[in-house]
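Student: Fold the following and give me the result.
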Amino acid sequence: MSETILITGGAGFIGSELVRQTLGRGDGTRVVVLDKLTYAGNRANLEAVEQDPEQAARFTFVHGDIADPEVVGPLMAGATAVVNVAAETHVDRSILDPEAFLRTGVIGVHVLLEAVKVEHQRAGRGERGPVRFLQVSTDEVYGDIEAPQRSVETDGLAPRSPYAAAKASSELLVRAYHITYGLDLVMTRGSNTYGPHQHPEKLIPLFTTNALDGKPLPMYGDGMQIRDWLHVSDHAAGIAFVLRNGVAGEAYNVAGEHLLPNREVIGQLLAATGRDWSLVRTVPDRPGHDRRYAMDGSKLAALGWRPRVAFETGLPETVAWYRDNPAWIASAKTGDWDAYYARQYGDRLAAGQAVDTTPS
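Tutor: Numbering: from 1, shown residues only. The predicted structure follows:
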């Protein structure tokens, strides 16, 4: 019997890439997507799947909330595996509206785990086969990491934003359900992800789309915050690898192996868009902004997985995708986008200053 994978948040940035990769394998796997279609969920991200007759025959989309047990229960009953990519994902938004992050990251995960428990009990009675659940988390659960350290999976969790705290809470729930109920649960912690279809609230698509339009680029503080960059195709591939090969109860770092300060990323974006530093404004930093994330990916590498896309090629290809897809950008910047942007950056840009590019 072929697998049926339930992917929650499958119309989002990372989730839709996982959907495309899974169906693109052509191995008979069926995919069910459950997505609430918030501002970051976009059915256009799934057009390639829905326009391919062979893939569309193995694909089902359900518009719903992971925090609704009436929706989740029946979908879980038909799944052989579940990947929870559903999340409110942007730290800036979590500072403005933390409650939404708790609802999805804590209550929603609880509802999913309760449904997995029901199916696990059914499997124990011989009424169905086993079901595996994968929770997608983030490097931000480790908190601010001083150089030259890199976080390993056994490190304590030290989240410093409402977003990261919600993710850490979901991990604690997953671990507790594995230990208490014996469920087959695994977790991934991905580093900063970039690539096509990412909502323009995040650094790379925000700066790319602003630069293409000749608008100011709001750089937080000195721009020397360090992140590990992971292409979305690698992130999705790492998730799929852990789903197949991870040990129950374990967490795995999906590291990008491209540590760069934001300022250097901005410089590469300017080069790729044909703009210069005159567009960049240094603006007041966000509260509690972590200075450095860095993960050790050796645990996953020991199982046979490493990222493939070099940042030097992935970034210009990403910029080219945004340049070639203005309709997608326009659809992403609908709804509350203008109000959010004004709330998040209006005062900051008013207080912003030109960036000193004089060599030190």
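
Student: hey, let's count contacts and neighbours off CA atoms from now on
Tutor: Will do.

Student: Surely residue 348 is in contact with residue 283?
Tutor: Yes. Contact criterion Cα atoms under 8 Å: residue 348 and residue 283 qualify, at 5.3 Å.

Student: joint contacts of those two?
Tutor: Shared contacts of residue 348 and residue 283, defined by Cα atoms under 8 Å, 6 or more residues apart in numbering, comprise residue 218.

Student: When those two are compared, which one has more neighbours?
Tutor: In this view residue 348 and residue 283 are compared by other Cα atoms under 10 Å, and residue 283 has more residues nearby, 23 against 20.

Student: what sits against that one?
Tutor: Residue 283 neighbours (Cα under 8 Å, 6+ apart): 218-221, 348-349, 351-353.

Student: could you dump these to TSV with secondary structure, pLDDT and distance to residue 113?
Tutor: Formatted as TSV, those follow (DSSP: H, G, I helix; E, B strand; the rest coil; pLDDT from 0 to 100; distance: Cα to Cα, whole Å):
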residue	secondary structure	pLDDT	distance to residue 113
218	strand	97	39
219	strand	97	39
220	strand	95	37
221	coil	95	40
348	helix	94	40
349	helix	95	43
351	coil	94	45
352	coil	94	45
353	strand	95	48
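
Student: Bridged to residue 283, which residues?
Tutor: Note on residue 283: beta-bridge partners by DSSP bridges are residue 220.

Student: Out of the contacts of residue 283, flag the one nearest to residue 251.
Tutor: Lowest distance from residue 251 to the contacts of residue 283 (Cα to Cα) belongs to residue 220, with 31.1 Å.

Student: Run a quick neighbour tally on the closest one.
Tutor: 19.

Student: lowest average confidence, helix or strand, in this protein?
Tutor: Within the chain, no helix or strand scores below helix 91-96, which has a mean of 69 by mean pLDDT, DSSP states H and E.

Student: What's the first helix or strand after that one?
Tutor: The helix or strand immediately downstream of helix 91-96 is helix 98-102, counting by DSSP states H and E.

Student: Export only the CA atoms of the helix or strand that that following helix is followed by, formatted as PDB.
Tutor: Remark: after helix 98-102, the chain's next helix or strand is helix 109-124, criterion DSSP H and E. Extracted in PDB, the C-alpha atoms of helix 109-124 (Å, rounded to 0.1, in the frame of the first residue of the first chain):
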ATOM      1  CA  VAL A 109       0.500  20.900  18.200                       C
ATOM      2  CA  HIS A 110      -1.400  19.500  21.200                       C
ATOM      3  CA  VAL A 111      -4.400  18.800  19.000                       C
ATOM      4  CA  LEU A 112      -2.200  17.000  16.400                       C
ATOM      5  CA  LEU A 113      -0.500  14.900  19.100                       C
ATOM      6  CA  GLU A 114      -3.800  13.900  20.600                       C
ATOM      7  CA  ALA A 115      -5.000  12.700  17.200                       C
ATOM      8  CA  VAL A 116      -1.700  10.800  16.700                       C
ATOM      9  CA  LYS A 117      -2.300   9.100  20.100                       C
ATOM     10  CA  VAL A 118      -5.700   7.900  19.000                       C
ATOM     11  CA  GLU A 119      -4.200   6.400  15.800                       C
ATOM     12  CA  HIS A 120      -1.300   4.900  17.800                       C
ATOM     13  CA  GLN A 121      -3.900   3.200  20.000                       C
ATOM     14  CA  ARG A 122      -5.800   1.900  17.000                       C
ATOM     15  CA  ALA A 123      -2.500   0.500  15.600                       C
ATOM     16  CA  GLY A 124      -1.900  -1.300  18.900                       C
END
